[in-house]
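> Sequence first, then the predicted structure, then my questions.
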Amino acid sequence: MQARALSVEGDMQPVVDYLVSKGLSGPQVVQVVTAHPPVLSYNVQQRLEPFWDYLSSIGVDNVAAAVVKRPSLLGLDVDANLRKIVDYLQYVETPPEKIVEYITTTI
């Protein structure tokens, strides 16, 4: 399997624009992209928006700050793994604030 070619205008710029629209500064975008380069290939509507919305829905007050602190969070796909992790933590009656802590600091 070959990686698909990315274009600056079609693939990367929308990601950068989205991160900036969510409150990241230019240097923070560079920090996030440097730490998690695959983010540049993510589709904003299919990957980043659902990620941002889901983290907000589980109580992460400042998703932008969480992403800057832990860019690897962006590697968690909401439907493929993040929701399963949160569902399990809820199933074992983990308090919501602990779930947010786990997601933003350890997972």
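Ah, there it is.

> for whatever helix or strand residue 16 lives in, the distance to its chain's centre please.
According to DSSP states H and E, residue 16 maps onto helix 13-21. Centre-to-centre, helix 13-21 and its host chain are 13 Å apart (C-alpha atoms, centre = their mean, to the nearest Å).

> hmm, who's touching the helix or strand following that helix?
Remark: after helix 13-21, the chain's next helix or strand is helix 26-35, criterion DSSP H and E. Residues from elsewhere that reach helix 26-35 (C-beta atoms under 8 Å, 6 or more residues apart in numbering): 16, 19, 20, 24, 39, 40, 64, 67, 68, 71, 72, 74. No exception for glycine: its C-beta is placed from N, CA and C like everyone else's.

> In the helix holding residue 16, which residues are buried?
By neighbour count on 16 or more other C-beta atoms under 10 Å, the buried set for helix 13-21 is 14, 15, 16, 18, 19.

> Poorly predicted segments of the chain, please.
Scanning the chain for pLDDT under 70 picks out the ranges 1-7.
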